[in-house]
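Asks: Give the three-dimensional model of this entry:
(one chain, ligands or ions: 1)
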Amino acid sequence: MNRRSFLVASAALAAVLGSSPGAEAELMKISASFSILGDMVKQVGGDRVEVFTFVGPNGDAHVYEPTPADAKELSESKMLFINGLGLEGWMTRLEKSSGFKGTVVTASKGITPREMVADDKTVTDPHAWQDLANGKIYVANIRDALIAADPGGKATYEANAQKFLDGIAAMDIKVKEAIAKLPPERRKIITTHDAFGYFGAAYGLEFIAPEGVSTESEASAKDVAKIIRQIKAEKVPAVFLENVTDSRLLDQIAKETGAKIGGTLFSDALSPLDGPAGTYLDMFRNNIETLSEALSS
Ligand SMILES: [Zn+2]
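Replies: Next up, the predicted model:
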């Protein structure tokens, strides 16, 4: 080997050796509006991305006061993932205050929105992630957006997304099997706010809630009285607490009707990672176990 080619070989070797720490420093920084979406982006992005989530575990994504730290994180992000469908009313202000110049990706793009009439107004139900078929659309949107922003990671994003989609398909079968075992007359459930419309429509359960599709407006005394009459008349077996809402209203409803408290469902947020619903799929696993246990007999 002459001296010149030795130098070239050394430079190539140095480049190879230096590539690991270099790659780590180049993680694509991403912001996601709330914990469920943050988990989905992490699953698909894998070790090529660093995800910051504004509304964390057990947090309420309908109502949120962004902090100066959120604005700083967003200003440093290349992409922002939101649910859309009117969930994150606080995001426009945060985007403006942060001076964010990156790409905004609406993860729910392409789903069929569920619309409801409340107080003579048509409102869009934002909780599309509670139907696993929609979850597949979220994952595909996340995969495509990541590839567009970082084409070098195409193979990684495609493989991660496929693994996630396989997990969703398996969970979908599990949920359907568990619900098929429930007696039809017991497939009626009360929760605090109307977060399970997509879940109910997909899997054949009826969810009734004193609060609407957002936690922003409180239930009126009239709404609560109506639900109490309905629980008694239709013999609704159980009411379920949610990890993102106050339990007092449902405690009161349970007391007045004799319906039992069936446990806590994860609606708009995951648990911390070491809790029972630390990921999107664990949220479904936990919810279906909780529902099965309370409603099977
Ligand atoms: Zn909600």
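
Asks: so what strands line up beside the helix or strand harbouring Ser33?
Replies: With elements taken from DSSP states H and E, the one containing Ser33 is strand 28-34. Using DSSP bridges, strand 28-34 pairs in its sheet with strand 49-55 (parallel), strand 79-82 (parallel).

Asks: pull the CA atoms of the longest one into PDB?
Replies: The reference is to strand 49-55. Taking C-alpha atoms only, strand 49-55 is exported to PDB below (Å, rounded to 0.1, in the frame of the first residue of the first chain):
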ATOM      1  CA  VAL A  49     -36.400  10.300  16.100                       C
ATOM      2  CA  GLU A  50     -36.700  12.100  19.400                       C
ATOM      3  CA  VAL A  51     -40.300  12.800  20.400                       C
ATOM      4  CA  PHE A  52     -41.500  15.500  22.800                       C
ATOM      5  CA  THR A  53     -45.100  15.200  23.900                       C
ATOM      6  CA  PHE A  54     -47.000  18.300  25.200                       C
ATOM      7  CA  VAL A  55     -49.900  16.700  27.100                       C
END
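
Asks: Can you confirm whether it lies near the ion?
Replies: No. Strand 49-55 is not in contact with the ion by Cβ under 5 Å from the ion; minimum separation 11.1 Å. In this view, the C-beta of every residue, glycine as well, is placed from N, C-alpha and C.

Asks: Can you point out the buried residues in that strand?
Replies: By neighbour count on 16 or more other Cβ atoms under 10 Å, the buried set for strand 49-55 is 49, 51-55.

Asks: Determine how far that strand lies from the middle of the whole chain.
Replies: Distance of strand 49-55 from the chain centroid (Cα atoms, centre = their mean, to the nearest Å) equals 13 Å.

Asks: so for it, what's the average pLDDT?
Replies: For strand 49-55, mean pLDDT rounds to 98.

Asks: mind listing the strands for this protein?
Replies: Taking DSSP state E to define them, one finds strands in the chain at 28-34, 49-55, 79-82, 103-106, 114-118, 121-125, 188-190, 206-208, 238-242, 260-265.

Asks: Make JSON lines from those strands and add distance to Ser214 to it.
Replies: As requested, the strands of the chain are arranged in JSON lines below (distance: least, Cβ to Cβ, whole Å):
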{"stretch": "strand 28-34", "distance to Ser214": "14"}
{"stretch": "strand 49-55", "distance to Ser214": "14"}
{"stretch": "strand 79-82", "distance to Ser214": "16"}
{"stretch": "strand 103-106", "distance to Ser214": "18"}
{"stretch": "strand 114-118", "distance to Ser214": "9"}
{"stretch": "strand 121-125", "distance to Ser214": "8"}
{"stretch": "strand 188-190", "distance to Ser214": "18"}
{"stretch": "strand 206-208", "distance to Ser214": "15"}
{"stretch": "strand 238-242", "distance to Ser214": "13"}
{"stretch": "strand 260-265", "distance to Ser214": "17"}
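
Asks: and those, which one is worst for confidence?
Replies: Of all the strands of the chain, mean pLDDT reaches its minimum on strand 114-118 (a mean of 85).
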